[in-house]
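# next come a sequence and a model predicted from it.
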Amino acid sequence: QEQLVESGGGLVPAGGSLRLSCAASRRTFSGYAMGWFRQAPGQERDFVAAISWSGEDTYYADSVKGRFTISRDNAKNTVYLQMNSLNPEDTAVYFCTAGMYPQSDSQSYDYWGQGTQVTVSS
């Protein structure tokens, strides 16, 4: 069964850091590009970052460039999102996703996790 499980969310003060993890089943991870999206209350699900299967290519939303870093460990079937210099606008549910190509279009991804809440206090 394809499965993506996010962890690492929580409450953090503005300026703080969090590291999200997404553990995938081998079938969901092997050969797939991985992405992170986020959704704030009443908002659409927005692209955050994506990484190719090899890890050589990464892509970021303008709003997180220079603050967030996506990485992956293919031996552990895990993708990470290191988030630094967090601000209240980063508050959202963060979702991990897997697809054939690292894209910013959510509809291009095949599998989704249940999400993990990130709350940044001012």
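Perfect, thanks for sending it.
# list the contacts of Ser71.
For Ser71, the contacting residues are Ile51, Gly55, Val79, Tyr80, Gln82, taking C-beta atoms under 8 Å, 6 or more residues apart in numbering as the criterion. Every C-beta, even on glycine, is put in place using the N, C-alpha and C of the backbone.
# remind me which helix or strand the third one belongs to.
Yep, that's Val79 we're talking about. strand 78-83 (DSSP states H and E).
# name the helices or strands packed onto that strand?
Packed against strand 78-83 by the contact rule (3 or more C-beta pairs under 8 Å, 6 or more residues apart in numbering; DSSP states H and E) you find strand 18-24, strand 33-39, strand 45-51, strand 68-73.
# go again using 6 Å as the cut-off
Packing partners of strand 78-83 (3 or more C-beta pairs under 6 Å, 6 or more residues apart in numbering; DSSP states H and E): strand 18-24, strand 68-73.
# of the contacts of Ser71, select the buried ones using a PyMOL command.
To isolate the buried subset of these in PyMOL, counting by 16 or more other C-beta atoms under 10 Å, use the following:
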select buried, resi 51+79+80
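# got a markdown table for the contacts of Ser71, with distance to Gly31 and pLDDT too?
Listed next are the contacts of Ser71 as a markdown table, based on distance: C-beta to C-beta, whole Å; pLDDT from 0 to 100:
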| residue | distance to Gly31 | pLDDT |
| --- | --- | --- |
| Ile51 | 13 | 97 |
| Gly55 | 13 | 95 |
| Val79 | 13 | 97 |
| Tyr80 | 19 | 98 |
| Gln82 | 24 | 98 |
